[in-house]
Each structure stands twice: as C-alpha cells, then as structure tokens.
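1. Fold the following.
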Amino acid sequence: MTRELFDFLRELGAHNNREWFHEHKVQYDVLRAGFVDDVQRLISLLAVSDEELRGVQSQDCIYRIYRDIRFSPDKTPYKTFFSAYMARGGKKSPRAGYYLHVEPGNVLLCGGIWCPEPRLLKALRQAIYDNLDEWNSIIEAPAFKNTYPVFDGEVLKTVPRSFPKEGAHAQWMKRKDYTVVCHLPDEFLLQEEWVEAVAEKLLLLKPLNDFLNYTVDELSF
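-> Numbers count the residues shown, from 1 in each chain. Purely as a prediction, here's the structure:
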C-alpha cells in the first residue's frame, strides 16, 4: 500500500465532485490497478489456509468507488475509501468472508456475515442457539478476541419470540448481523509486508466464517 493512495482518498474527501475526479482519473486508475493486484496477493495468501478462496479473482471482490445516490440524502458521487469483500462468489456472495476497508483514519478488517436475508438470519440464530458452546469457543479464543473485540451491526431490543427470553444465548439472538471488526492505524497498511500482516489477522476469522458458512451451505445458497 502506498501513501499516494491515502493522499488521493483524503483529497477526494475534500473535493468529492465529478470535475475533480475527472481531472484525477488517470491517478485513480493507476491506484485502483495496484489495489486489484494487492487484493489478489491477499486472496492467494488466504487461500493457502482457506480453500474456499482458491480461484477467487480480486476483480470480483472489489467494490466500485461510485456511490449509488438514488435513495441517499448524501449526493456526493464517490466513496472515499477502497474496499474488498473476499469470499467464494465475490462481493455479492451471501457467504461469510473477509473484508478489507482502506480509508484515511478508518482502516478496518471485518469478517462474518453482514445483513443476511431473513431466512438465513433465522437459520444462523438457530445454529448459534443449538451450538452455543462451539460458538463461544470461537469468539472467546484469545487471539480472536484480542484482534476482533466487538461485533458490529444492528441489534433488536428483545429476543425473537421463537427463543427463550433469558440466558447466555439472548445477546446473540438479538443480532441482525454477525460481523466482527478490527480497527487499525493507517500505518499498518504502509509497512513493507502489509499484505502478509493483513492475511495473518484475517485468517483468525476462519473459524467464525466456517461456523456461519455451515448454515449457509445447509440452505443451499
């Protein structure tokens, strides 16, 4: 990762309009091509331990920089970050996978499943309820918890009616997302071997992703 990418994204944040972007399109194209290569290297490293990623292409995992402003009150046309979701099937996959978010002052690594559709969400809750000890052993593992200390996403106010209201399971039944987050300083991606360092942290997510994807497979997505 280069400082030029972070500098570009900062400038884009300060000049988020089509005129500025058009003037800097050549620079963007070069930076994006480098990001495509970097993400492919990252996928290759992850695939050594996670066979689900074998054959996955970075172009299928990287999100567009152009924002969908049709239904948003924010009409700025461009995202101010580069990002990729690495999973079998690419960025639109319903599977648990590995997410990289590159934004000045907001570098993130994430894993799990974000915003599952209702049928999958119900099945994931049931899987956690039925296998709570296994679930807890994954998320309480020291290396995992030290790197991914919090779950992100929406939480219901009450436990769904199909589950007991009280108990160790309750906090997990309320969740609408099963996603964990690791915040990193920008400098983490500026080290010489940042791809290897990111891969090491992302691979801590594999037990979580495997647990969630077992249910995805049962529903035949």
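2. now stretch 37-46, how far from the chain's geometric center?
-> In terms of CA atoms, centre = their mean, to the nearest Å, the centre of stretch 37-46 is found 15 Å from the chain centre.
3. Please apply the same query to stretch 10-21.
-> 25 Å.
4. That stretch: end-to-end distance?
-> End-to-end distance for stretch 10-21: 12 Å, by CA to CA, to the nearest Å.
5. Buried residues, the longest helix along the chain. List them.
-> Longest helix in the chain, counting residues (DSSP state H): helix 25-49. For helix 25-49, burial by neighbour count (16 or more other CB atoms under 10 Å) applies to 28, 31-32, 35-36, 38-40, 42-43, 45-47. All C-beta atoms are positioned from the backbone trio N, CA, C, and that covers glycine.
6. Could you export these as JSON lines, including pLDDT and distance to Glu117?
-> Formatted as JSON lines, the buried residues of helix 25-49 follow (pLDDT from 0 to 100; distance: CB to CB, whole Å):
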{"residue": "Tyr28", "pLDDT": "97", "distance to Glu117": "33"}
{"residue": "Leu31", "pLDDT": "97", "distance to Glu117": "34"}
{"residue": "Arg32", "pLDDT": "97", "distance to Glu117": "30"}
{"residue": "Phe35", "pLDDT": "97", "distance to Glu117": "29"}
{"residue": "Val36", "pLDDT": "98", "distance to Glu117": "29"}
{"residue": "Asp38", "pLDDT": "97", "distance to Glu117": "31"}
{"residue": "Val39", "pLDDT": "98", "distance to Glu117": "26"}
{"residue": "Gln40", "pLDDT": "98", "distance to Glu117": "29"}
{"residue": "Leu42", "pLDDT": "98", "distance to Glu117": "27"}
{"residue": "Ile43", "pLDDT": "98", "distance to Glu117": "25"}
{"residue": "Leu45", "pLDDT": "98", "distance to Glu117": "30"}
{"residue": "Leu46", "pLDDT": "98", "distance to Glu117": "25"}
{"residue": "Ala47", "pLDDT": "98", "distance to Glu117": "27"}
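7. Of the residues you listed, which is the nearest to Leu156?
-> The closest of the buried residues of helix 25-49 to Leu156 turns out to be Leu46 (CB to CB; 32.3 Å).
8. quick one: that closest one and Arg88 touch, right?
-> No - with contact defined as CB atoms under 8 Å, Leu46 does not count as touching Arg88 (11.4 Å).
9. Poorly predicted segments of the protein, please.
-> 221 (pLDDT under 70).
10. Over to Tyr66: give its phi and psi.
-> phi -80, psi 130 (degrees, to the nearest 10).
11. what is in contact with Leu46 and Arg88 at once?
-> Leu53 (CB atoms under 8 Å, 6 or more residues apart in numbering).
12. Glu166: what secondary structure?
-> When classified by DSSP: H, G, I helix; E, B strand; the rest coil, Glu166 comes out as coil.
13. what helix or strand is the spatially most central residue of the chain on?
-> Centroid-nearest residue in the chain: Tyr99, 2.6 Å away (criterion: CA atoms, centre = their mean). Here Tyr99 sits within strand 97-102, counting by DSSP states H and E.
14. That strand pairs with which strands?
-> Sheet pairing for strand 97-102, assigned by DSSP bridges, gives strand 82-86 (antiparallel), strand 107-113 (antiparallel).
15. I'd like the distance from it to the chain centre, please.
-> In terms of CA atoms, centre = their mean, the centre of strand 97-102 is found 4 Å from the chain centre.
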